[in-house]
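A.B. asks: structural data only, the sequence is not supplied:
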């Protein structure tokens, strides 16, 4: 009986330790992932259906999206302001995020990072008028 009980515990420990180890490269990958890499991974996840939630790429793409949002918010602190959102506590839908990625011309997708594409999309979504650029 003890062996049966310990197998699920060991499996849980192994899976949680692999998740921690998998998160380390995600941070580095999120800042350099190209739009094309992102779209390829997203397409493969979509093909998995509900099983996509179990894929390490699901967490990776979530981290990439969060890093892009952090990069956009960081550049809002510069003057002149590149965008004027009503608040920095904005969330967008997945379809809007994907639209930013797909708005990048196909020939440029290997050379533009997800961060750059997201920043471009959000800056276009929340343009500044001349008086608000310097506030």
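C.D. replies: Done, it's in. Quick caveat: nothing in here was measured; it's all calculated off a predicted structure.
A.B. asks: can you say which helix or strand has the spatially most central residue of the chain in it?
C.D. replies: Nearest residue to the geometric centre of the chain (CA atoms, centre = their mean): residue 65, 1.5 Å. Taking DSSP states H and E as the definition, residue 65 sits inside helix 56-75.
A.B. asks: next SSE downstream of that helix?
C.D. replies: Taking DSSP H and E, what comes next after helix 56-75 is helix 94-102.
A.B. asks: now name the helix or strand holding the nearest residue to residue 102 once chain neighbours are set aside.
C.D. replies: Distances taken as CB to CB, 6 or more residues apart in numbering place residue 39 nearest to residue 102, at 7.3 Å, with adjacent residues excluded. Backbone N, C-alpha and C define where each C-beta goes, glycine included. Using DSSP H and E, residue 39 sits in helix 35-48.
A.B. asks: and that helix, what does it pack onto?
C.D. replies: Packing contacts for helix 35-48, counted by 3 or more CB pairs under 8 Å, 6 or more residues apart in numbering; DSSP states H and E, involve helix 56-75, helix 94-102, helix 114-125.
A.B. asks: so which of those is the most surrounded?
C.D. replies: helix 114-125 (a mean of 20; mean count of other CB atoms under 10 Å).
A.B. asks: how distant is that one from the center of its chain?
C.D. replies: Distance of helix 114-125 from its chain centroid, counting by CA atoms, centre = their mean, to the nearest Å, is 12 Å.
A.B. asks: got the angle between the helix holding residue 39 and helix 56-75?
C.D. replies: Relative orientation of helix 35-48 versus helix 56-75 (axes from the mean of the first three to the mean of the last three CA atoms, to 10 degrees): 140 degrees.
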